[in-house]
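Visitor: Below is the sequence, then the predicted model.
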Amino acid sequence: MRKPVIAGLTLGVLFTLAAVRVLDLWSWRTQTLRTASARASNLAFILSEYIHESLASGDSALRQLALHSRRIGGPAAPPQEWGPILASARAGLRNMGSISVVDATGTIRHSTQPLIVGQSRRDEYAFRRLAADPKDDLVVSNPYPTVVEPRTFLIPFARPLLGKDGTFQGIVVAAMIPAAMRDLFQTMDVGARGAVWVFHPDGIVLFREPSAADPLGESASANPIFTAATLANGPGTLERAVRPGEPTLVTSFRPTTAPPIIVAVSLDRDEVLRDWRRQALESAVFFAVLAMMMSGTLIVLFRQMDQKAEAERALDRAQQAEADQLRAANDRLERALRIEQEFLMTVSHELRTPLTAIRGWARMLASGTIPQEQQASAIQSIERNARAQTRLVEDLLDMARVDSGTLRLDIKKVSLPNVVREAIETMTPAADAKEIRIDAIIDEGVGAIAGDTDRLQQIVWNLLSNAIKFTPQAGRVELRLERAGAEAAIVVHDTGAGISPEFLPHVFDRFRQEDAGSKRRFGGLGLGLAIVKHLVELHGGSVTVESDGQDRGATFVVRLPIGPILSSDGDSGERSRR
């Protein structure tokens, strides 16, 4: 071939390779920005869940105070009715300031901080929103400064106080000290010029970390991140500078509903693309050197082409390895977050039942509504539920034993009627709080079976707790103990929310909850029913569920064999079963 032809072919190859490299770099740049956006989105999700869980204990206390308000007549009740329970709720919370009760006019009537009693909260966001639409929601309000030294800002969150007829009577407010959250946000790896944002829906900055000065309480109305999140009304991304002349940020935001806030994570685009720019510069130098070498001999040209191909393959392998590492890191992060969520929800679900009974009896004793001759029985019930509380903590370890096959039963002669009656007695305060009637039909002829008393009580507790939770106010729960041939049947029927046909096969799956709006407000992920199924099967029985659909109630039937369980030597009596 002639030299011009060789030169033309050489230039053609050079330009083609340069174009391919440019496309490759452009694709890499797009993928890098997409990965950074996904990382920011994951961090925003983690932080929103952290904020939600951080407020969970305070929200639980506010729920109990709302129930107490309904029982004693609302904010207008005398200080002797409010003072002890407010002090008790405040003592049980960490990183919290005062807890206050505000009446329907916006005036603070009771508080653990006496200096603010009588002040008005009528113009605050939480009062205005809940007064206009008194839903049973958790609302974060505008930050305000403390009244005592050292002066700092508090972030209040509130729930409505509703009368028995559903009328708005005021709000109950707890104030969170934001220092603990600031420490966590400051540890988030968002780069030298990245940031973690938390906005109040009323246009106020709650957190901006890292930050030399605490921006709590500043206006966010001109912040483009807040504006975009408000208009999007859902999760989204944004790529722009916060102010003119500042670096461009890759931002992912996530509005939450409980409580209603906006969480955003920003990464500096220049920092994200630092490695990409270095590779682009190296590629430019590489092609410049290659072009000069192509002025030499054909042998040098071929050698450089081979080196170029090998460099591209090495680059592809490095990119693939980096992508695999990113995917693996993301998978580990998602697994860790899922395990944390499942653990927290399991604790909330499993500890709620005995705590409800203890609180119910304790309030009745404190209010003097129990006759003198029944107080000993009430104290015994509190003690029994305290022991159940300890056993429920052990249940958390039981889940690990279930997976490893080492969960054991202490088999003894057990009176099923007594087990059912004690479970009903334990759950009665929770039912009374919702004005739910429990109709019990107990066949004394069922008698005794071989089983583990504590685990059998746990089965009935969980079924009753599930029925009460999904049964609306003034509903009815029916519990029957009857004999069906060689089996004892425990039937729990409620008039509650029911179960859709699509979800019915998954009722006993661990950490599963029907994804319907009316069910989300009850919380929990169904761990109790999964434990019921495993314990029933360990006793040699079975459990089934029936429902005609949503809002038509549900019926759970537990069948247990009647008769002795033989030990390994053929004699009936006590033994342990795995």
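Guide: That came through fine.
Visitor: switch to C-alpha atoms for all contacts and neighbour counts from now on
Guide: Will do.
Visitor: Would you mind listing the buried residues in stretch 536-555?
Guide: Going by neighbour count (16 or more other CA atoms under 10 Å), the buried part of stretch 536-555 is 536, 538-539, 541-543, 545, 547, 549, 551, 553-555.
Visitor: Now for Asp403, how many residues are close by?
Guide: Asp403: 9 surrounding residues under other CA atoms under 10 Å.
Visitor: What strand or helix carries it?
Guide: helix 372-404 (DSSP states H and E).
Visitor: ok, now Ser41?
Guide: helix 3-54.
Visitor: what's near enough to touch Leu184?
Guide: For Leu184, no contacting residues are found, by CA atoms under 8 Å, 6 or more residues apart in numbering.
Visitor: how close does it sit to Gly12?
Guide: 56 Å (CA to CA, to the nearest Å).
Visitor: pull the CA atoms of stretch 143-153 into CSV?
Guide: Provided in CSV are the C-alpha atoms of stretch 143-153 (Å, rounded to 0.1, in the frame of the first residue of the first chain):
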residue,chain,number,x,y,z
PRO,A,143,-38.2,25.2,66.1
TYR,A,144,-38.1,27.6,69.1
PRO,A,145,-35.5,28.6,71.6
THR,A,146,-35.4,27.2,75.2
VAL,A,147,-36.4,29.5,78.1
VAL,A,148,-33.5,28.3,80.3
GLU,A,149,-29.8,28.5,80.1
PRO,A,150,-27.9,27.4,78.1
ARG,A,151,-30.1,28.8,75.3
THR,A,152,-30.5,26.4,72.3
PHE,A,153,-33.2,25.5,69.8
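Visitor: what pLDDT, on average, does stretch 366-375 get?
Guide: The average pLDDT for stretch 366-375 rounds to 83.
Visitor: so where do the strands sit in the stretch 51-200 of the chain?
Guide: All strands of the stretch 51-200 of the chain, identified by DSSP state E, counting those that start in this stretch, fall at 96-103, 108-111, 139-140, 144-145, 153-162, 168-176, 195-200.
Visitor: Walk me through which strands the fifth one pairs with, and which way each runs.
Guide: Right, the one you point to is strand 153-162. strand 139-140 (antiparallel), strand 144-145 (antiparallel), strand 168-176 (antiparallel) (DSSP bridges).
Visitor: Please apply the same query to the first one.
Guide: Strand 96-103 sits in its sheet next to strand 108-111 (antiparallel), strand 168-176 (antiparallel), going by DSSP bridges.
Visitor: Centre of the chain to the shortest one, how far?
Guide: Its chain's average C-alpha position is 31 Å from that of strand 108-111, according to CA atoms, centre = their mean, to the nearest Å.
Visitor: contacts for that strand?
Guide: Here strand 108-111 has contacts from 75-76, 79, 82-83, 86, 98-103, 116-121, using CA under 8 Å, 6+ apart.
Visitor: what's the answer for the last one, then?
Guide: Under the criterion CA under 8 Å, 6+ apart, residues 58, 62, 65-66, 74-75, 95-106, 127, 130-131, 134, 154-163 lie in contact with strand 168-176.
Visitor: now the buried residues of stretch 536-555 in CSV, with distance to Ser141, pLDDT and secondary structure?
Guide: Output for the buried residues of stretch 536-555, formatted as CSV (distance: CA to CA, whole Å; pLDDT from 0 to 100; DSSP: H, G, I helix; E, B strand; the rest coil):
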residue, distance to Ser141, pLDDT, secondary structure
Val536, 47, 92, helix
Leu538, 50, 89, helix
His539, 51, 91, coil
Gly541, 51, 94, coil
Ser542, 49, 94, strand
Val543, 46, 94, strand
Val545, 43, 94, strand
Ser547, 41, 92, coil
Gly549, 39, 86, coil
Asp551, 34, 85, coil
Gly553, 37, 90, coil
Ala554, 39, 93, strand
Thr555, 42, 95, strand
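Visitor: So which of these is the closest to Pro247?
Guide: Checking these against Pro247 with CA to CA, the nearest one is Asp551 at 53.7 Å.
Visitor: residues touching the spatially closest residue to that closest one that is not a sequence neighbour, list them.
Guide: Closest residue in space to Asp551, ignoring its immediate chain neighbours: Ala497 at 4.2 Å, by CA to CA, 6 or more residues apart in numbering. Contacts of Ala497 were listed using CA under 8 Å, 6+ apart, and they are 470-472, 519, 550-554.
Visitor: what does Ala104 give?
Guide: Ala104 neighbours (CA under 8 Å, 6+ apart): 131, 168-171.
Visitor: Now with 6 Å, please.
Guide: Residues near Ala104 by CA atoms under 6 Å, 6 or more residues apart in numbering: 169-170.
Visitor: Which secondary structure element of this protein has the lowest mean pLDDT?
Guide: helix 517-520 (a mean of 42; mean pLDDT, DSSP states H and E).
Visitor: Relative to Arg254, how far out is Arg437?
Guide: Where Arg254 is concerned, Arg437 sits at a distance of 42 Å (CA to CA).
Visitor: which of these two has more neighbours?
Guide: The residue with more neighbours, out of Arg437 and Arg254, is Arg254; 24 against 16, by other CA under 10 Å.
Visitor: Hmm, Ile261 and that one touching each other?
Guide: No. The criterion here is CA atoms under 6 Å, and Arg254 misses it with Ile261 at 8.6 Å.
Visitor: for this protein, what spans make up the helices?
Guide: Along the chain, counting by DSSP state H, helices occupy 3-54, 56-72, 79-91, 125-132, 179-187, 224-232, 269-272, 274-293, 298-367, 372-404, 416-433, 453-469, 517-520, 527-538.
Visitor: Could you say which of those helices is packed most deeply?
Guide: Ranked by mean neighbour count, the helices of the chain are led by helix 453-469 with a mean of 22 (mean count of other CA atoms under 10 Å).
Visitor: pLDDT below threshold where in the stretch 151-300 of the chain?
Guide: 151-152, 179-180, 212, 214, 258, 294-300 (pLDDT under 70).
Visitor: now Ala448, nearest residue through space, not along the chain?
Guide: Ser415 (4.1 Å).
Visitor: cool, Gly447 as well?
Guide: Gly447 sits nearest to Ser415 (CA to CA, 6+ apart), 5.6 Å away.
Visitor: Ok, Arg122 next?
Guide: That would be Gly106: by CA to CA, 6+ apart, it lies 4.2 Å from Arg122.
Visitor: dump the residue contacts of the one you found.
Guide: Counting by CA under 6 Å, 6+ apart, Gly106 touches 120-122.
Visitor: OK, contacts around the closest residue to Ile108 other than its chain neighbours?
Guide: In this structure, Ile108 finds its nearest non-sequential neighbour in Val102, 4.3 Å apart by CA to CA, 6+ apart. By CA under 6 Å, 6+ apart, Val102 lies in contact with 108-109, 170-171.
Visitor: same thing but at 10 Å, please
Guide: 74-76, 108-111, 117-122, 127, 158, 160-161, 169-173 (CA atoms under 10 Å, 6 or more residues apart in numbering).
Visitor: quick one: it from Asp123, how far?
Guide: Taken as CA to CA, the span from Val102 to Asp123 is 12 Å.
Visitor: try Ala321
Guide: Distance, Ala321 to Asp123, using CA to CA: 56 Å.
Visitor: Now do stretch 490-509: distance to the chain's middle.
Guide: 23 Å.
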